[in-house]
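In: turn this into a structure:
(2 chains)
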Amino acid sequence: NAGVTQTPKFQVLKTGQSMTLQCAQDMNHEYMSWYRQDPGMGLRLIHYSVGAGITDQGEVPNGYNVSRSTTEDFPLRLLSAAPSQTSVYFCASSYGSWRDTQYFGPGTRLTVL
Amino acid sequence: AQKVTQAQTEISVVEKEDVTLDCVYETRDTTYYLFWYKQPPSGELVFLIRRNSFDEQNEISGRYSWNFQKSTSSFNFTITASQVVDSAVYFCALSERTGANNLFFGTGTRLTVIP
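Out: Take a look at the predicted model:
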């Protein structure tokens, strides 16, 4: 079991560029989510999915899109990168619901110039 | 308002000392879950413990122990006989039934264990 994997580990973008952060899990988890981690602010939820074909917004969704076509994959798209999106991004998955433990990927460190 | 407060931003201890990391939470739900995660210098988030709101028994796992007190809305984490490998940022988190599948994190406590 690889658990939750994320690519790339590091990325530098210019303002206005778009990109997709990849996330995959091999634990057959229904629930997947994206968080961003900023200094002094803990982790904040961007988007989440409770199953294939179902996504919803979290606390800080602006500037990001997601889709969930398979149980395994949950990519995060930055539509037009801004310096305010410089952050560390974590993908997480859990078995089913808010009761379950979320397991995190290794993170992607994104810098927007 | 912060749902999870970790008032200690940074703590330094000498190796083999005991240390307690504080966590205070706020929720109106009667059913909720509390978590602790460790983030070592390598950056990944490592799950340590999950506790539901109906189970107030203290938990011990090796050198780690957790004290859950609903009366004070606290879920504190103690490391006994700290080691250099315990140096990390520790996050407390809350999951509520009404929280839109959100895991609410505190801002973390950076623990440095000095050899």
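In: near chain A, which residues of chain B are found?
Out: B:4, B:33, B:35, B:37, B:43-45, B:47, B:50, B:52, B:91, B:95-97, B:99-103, B:105-108 (C-beta under 8 Å from any C-beta of the partner chain). All C-beta atoms are positioned from the backbone trio N, CA, C, and that covers glycine.
In: from these, which ones fall inside strands?
Out: B:4, B:33, B:35, B:37, B:47, B:50, B:52, B:91, B:95-96, B:103, B:105 (DSSP state E).
In: reformat the residues you listed as a markdown table; add pLDDT.
Out: What follows is those, written out as a markdown table (pLDDT from 0 to 100):
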| residue | pLDDT |
| --- | --- |
| B:4 | 96 |
| B:33 | 93 |
| B:35 | 95 |
| B:37 | 97 |
| B:47 | 95 |
| B:50 | 92 |
| B:52 | 91 |
| B:91 | 97 |
| B:95 | 93 |
| B:96 | 89 |
| B:103 | 88 |
| B:105 | 94 |
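In: closest one of these to residue A:16?
Out: residue B:105 (30.1 Å; C-beta to C-beta).
In: near residue B:67, how many other residues are there?
Out: Using other C-beta atoms under 10 Å in any protein chain shown, residue B:67 is surrounded by 15 other residues.
In: look up how far chain A lies from it.
Out: 20 Å (C-beta to the nearest C-beta, to the nearest Å).
In: quick check, that residue in a strand?
Out: Yes. Residue B:67: assigned to a strand according to DSSP: H, G, I helix; E, B strand; the rest coil.
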